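>>> whatever this is, show me its structure:
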Amino acid sequence: MNCRKTNKANDCTPLDLTNQTVITCEPFDVCLPFGRSLHFDGNCLSLRGEPTIPDGEYGVITIANGCIIDAKPNPVFEYTPPPCTPTPDGCDEEGGDGIILQPSICNLLERDAAGRYGAYLDIRGGTGVTIRGCGSSADPMVISVTPPDVSRTYILSSTVPQITVSGTGDIADPFILEHGASPLGSGPQGPFILDTFGHVVGFIDTPDPIQRIIAGPGIRVTQEGPAVTVSLDLQGGAEGQWDWGGYSASVDMVGRVIGMTRTIATPPGDYDMRNFQLSINEFGSITAITPLARTVDTAFSKLFMGERNSNEMTFTTTQSAHFRITYQGELGVFGTTPPPATADPGLLPLPSLYRVRVNGQIVQAFCRLNNTNRVVEVIVATAAMYAPGQHVILMEGPSPTETQNYVFDDIGMLDVQLIAIGV
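Numbers count the residues shown, from 1 in each chain. Reported below is the predicted structural model:
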């Protein structure tokens, strides 16, 4: 359907118009809210930019297409949030935050046009008081006070040695009245008791005053004018360090014990001294001596039978002693060269193929032979004395490098006796 009433001009040749007025304008730009600007290039006016704020309602302001299209009155505050405001409920149908401000005049919380909450405290200074700052960390509140001038009071001491006056009388340097100290000092003066300032604060009732002081045993009395000194007399030879039982005492020149040091640190308990038991307390003193009756514990024996690689015995002693070790059996031929044939060759050094050890240490051993030059007895008397405790006696035969597969196959008896070596 064509509603045009006139013919369209198809000839666009420029025409010269007479009596036409040409107006020239300077270009300009105008900043508009929310990210837009108005631009005029001298001929045409154009809108530039895009809205930076989405459409919606912001507090009391409603924005559409980057323009404020509606404004409402500020709502009455009807809600004061607690110190720890809980998570707000969901938005209402109008898009608000669901929070109602408490309407009391003492409620400091407000909401601005953008829907932001803030609390402001209105503080005003009275007479002589100035206040600046809002109370935040960036702008702290500073309260200044200018005290008013006060009337002057003049104080003068009439007795300067006893009462002194200092200070100017203002708040920074107030007047200070001070009582001078008494030259007598505090304490008793005759029957009176004085304080530091010479005031009588007490009385000593002495109906029978002391007329004379007599030195007793170990006491020395000296007098200088009205003063009498009572002291301990010097004790010649008493000063120094003295040992008393488990302690060392320090004694001064008048015989007083001025220090005690423990010098014995023996643990308390009962100590076995073989024939006696000593009871010692925590101070190192013997508190009891008890005779002991000993059972026989000085001899130990062990029988060996069957094939074995060594003869070993473990035993426990209760006293210190030397050991006499005797083994009776048949160990073998005495070396490759027998000793001279005699009726009784006596004791001979044990062949090196055999060894006797006490607690792992080899000890010197001797032996006896039978008439066929076979070792039938081994005898040891230890040079060392062994303390009470557990001990091990070991008799070894030839090692595998000396002869292969050596075993003891005799019936032997090993005896140990605790002895004292004669000198």
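
>>> from here on, contacts and neighbour counts on C-alpha atoms
Fine.

>>> pLDDT weak spots in the stretch 151-300 of the chain?
151-152, 207-209, 274, 293-297 (pLDDT under 70).

>>> for it, what spans make up the strands?
Listed in chain order, the strands of the stretch 151-300 of the chain (DSSP state E, counting those that start in this stretch) span 163-166, 176-179, 187-189, 192-194, 200-203, 219-224, 227-232, 240-244, 247-251, 257-262, 269-272, 276-280, 286-291, 299-304.

>>> just give me how far the second one sits from the chain centre.
Centroid separation between strand 176-179 and its chain, computed with Cα atoms, centre = their mean, to the nearest Å, is 49 Å.

>>> ok, now the fifth one?
Computed by Cα atoms, centre = their mean, the chain-centroid distance of strand 200-203 equals 53 Å.

>>> tell me the strands beside it, with direction?
Applying DSSP bridges, strand 200-203 is found paired with strand 192-194 (antiparallel).

>>> one more: the first one?
Sheet neighbours of strand 163-166, with direction, are listed as strand 176-179 (antiparallel) (DSSP bridges).

>>> keeping just the C-alphas, turn the strand it pairs with into CSV.
What follows is strand 176-179, C-alpha atoms only, in CSV (Å, rounded to 0.1, in the frame of the first residue of the first chain):
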residue,chain,number,x,y,z
ILE,A,176,52.7,20.7,97.8
LEU,A,177,53.0,21.1,101.5
GLU,A,178,55.7,18.9,103.1
HIS,A,179,56.6,18.3,106.7
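
>>> that older thread, Gly133: which of the strands of the stretch 151-300 of the chain is closest?
Distance to Gly133, taken as Cα to Cα, is lowest for strand 176-179 among the strands of the stretch 151-300 of the chain, at 38.4 Å.

>>> buried ones in that closest one?
By neighbour count on 16 or more other Cα atoms under 10 Å, the buried set for strand 176-179 is empty.

>>> ok, and what's touching that strand?
Strand 176-179 has contacts (Cα atoms under 8 Å, 6 or more residues apart in numbering) with Gln162, Ile163, Thr164, Val165, Ser166, Gly167, Phe197.

>>> ok, now which ones touch Pro188?
Leu194 are the contacts of Pro188 under Cα under 8 Å, 6+ apart.

>>> could you find the closest non-adjacent residue to Ser37?
Among residues not flanking Ser37 along the chain, Cys31 sits closest, at 4.4 Å (Cα to Cα, 6 or more residues apart in numbering).

>>> need the pLDDT of that neighbour.
Cys31 is assigned a pLDDT of 81 by the prediction.

>>> please apply the same query to Phe366.
On pLDDT, Phe366 comes in at 94.

>>> for the one 4 residues further on, same thing?
Among the per-residue scores, Asn370 shows a pLDDT of 83.

>>> cool, and Met1?
At Met1, pLDDT is 53.

>>> how much space separates Tyr120 from Ser104?
Remark: distance between Tyr120 and Ser104 (Cα to Cα, to the nearest Å) = 14 Å.

>>> then Thr372?
Taken as Cα to Cα, the span from Thr372 to Ser104 is 131 Å.

>>> before we move on, the earlier item: save the contacts of strand 176-179 as JSON lines, and put in neighbour count too.
What follows is those, written out as JSON lines (neighbours: other Cα atoms under 10 Å):
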{"residue": "Gln162", "neighbour count": "13"}
{"residue": "Ile163", "neighbour count": "14"}
{"residue": "Thr164", "neighbour count": "15"}
{"residue": "Val165", "neighbour count": "14"}
{"residue": "Ser166", "neighbour count": "13"}
{"residue": "Gly167", "neighbour count": "13"}
{"residue": "Phe197", "neighbour count": "15"}
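
>>> name the helices or strands packed onto the lengthiest strand in the chain?
Identified as the longest strand of the chain according to DSSP state E is strand 322-333. The helices and strands touching strand 322-333, judged by 3 or more Cα pairs under 8 Å, 6 or more residues apart in numbering; DSSP states H and E, are strand 374-381, strand 412-419.

>>> and the helix or strand following the first one, which residues are buried?
Moving toward the C-terminus from strand 374-381, the next helix or strand (DSSP states H and E) is strand 389-396. In terms of neighbour count (16+ other Cα under 10 Å), strand 389-396 has its buried residues at Ile393, Leu394, Met395, Glu396.

>>> re the thing from before, nearest to Tyr154, of the helices and strands packed on strand 322-333?
Of all those, strand 412-419 comes closest under Cα to Cα, at 107.8 Å.

>>> now the strands for the stretch 1-150 of the chain?
For the stretch 1-150 of the chain, the strands defined by DSSP E, counting those that start in this stretch occupy 28-31, 37-40, 45-48, 56-58, 61-64, 67-71, 109-111, 117-119, 129-132, 142-145.

>>> can you tell me what sits against the second one?
If I follow you right, that is strand 37-40. Pro27, Phe28, Asp29, Val30, Cys31, Leu32, Leu45, Ser46, Leu47, Arg48, Gly49.

>>> how far away is the fourth one from Phe40?
Applying Cα to Cα, the value for Val30 to Phe40 is 9 Å.

>>> what of the first one?
Computed as Cα to Cα, the Pro27 to Phe40 distance reads 5 Å.

>>> swap in the second one?
Phe28 is 5 Å from Phe40, where distance means Cα to Cα.

>>> anything in contact with each of those two?
With Cα under 8 Å, 6+ apart as the test, Phe28 and Phe40 reach no residue in common.

>>> what sits against Gly49?
Gly49 is in contact with Gly35, Arg36, Ser37, counting by Cα under 8 Å, 6+ apart.

>>> contacts only, for Glu312.
Val392, Ile393, Leu394, Met395.

>>> quick check, nearest of those residues to Ile193?
Val392 (86.0 Å).

>>> where's the nearest residue to that closest one once chain neighbours are set aside, which helix or strand?
Of all residues not flanking Val392 in the chain, Thr314 sits nearest, at 4.5 Å (Cα to Cα, 6+ apart). Using DSSP H and E, Thr314 sits in strand 310-317.

>>> so for that strand, what gets flagged as buried?
Neighbour count says strand 310-317 has Asn311, Met313, Thr317 buried, by 16+ other Cα under 10 Å.

>>> for that strand, the averaged confidence score.
Mean predicted confidence for strand 310-317 is 93.

>>> list the neighbouring strands of that strand plus their orientation.
Its sheet considered, strand 310-317 pairs with strand 389-396 (antiparallel) by DSSP bridges.

>>> can you state the direction angle for the strand it pairs with and strand 322-333?
Inter-element angle recorded for strand 389-396 and strand 322-333: 20 degrees (by axes from the mean of the first three to the mean of the last three Cα atoms, to 10 degrees).

>>> appreciated, that's everything.
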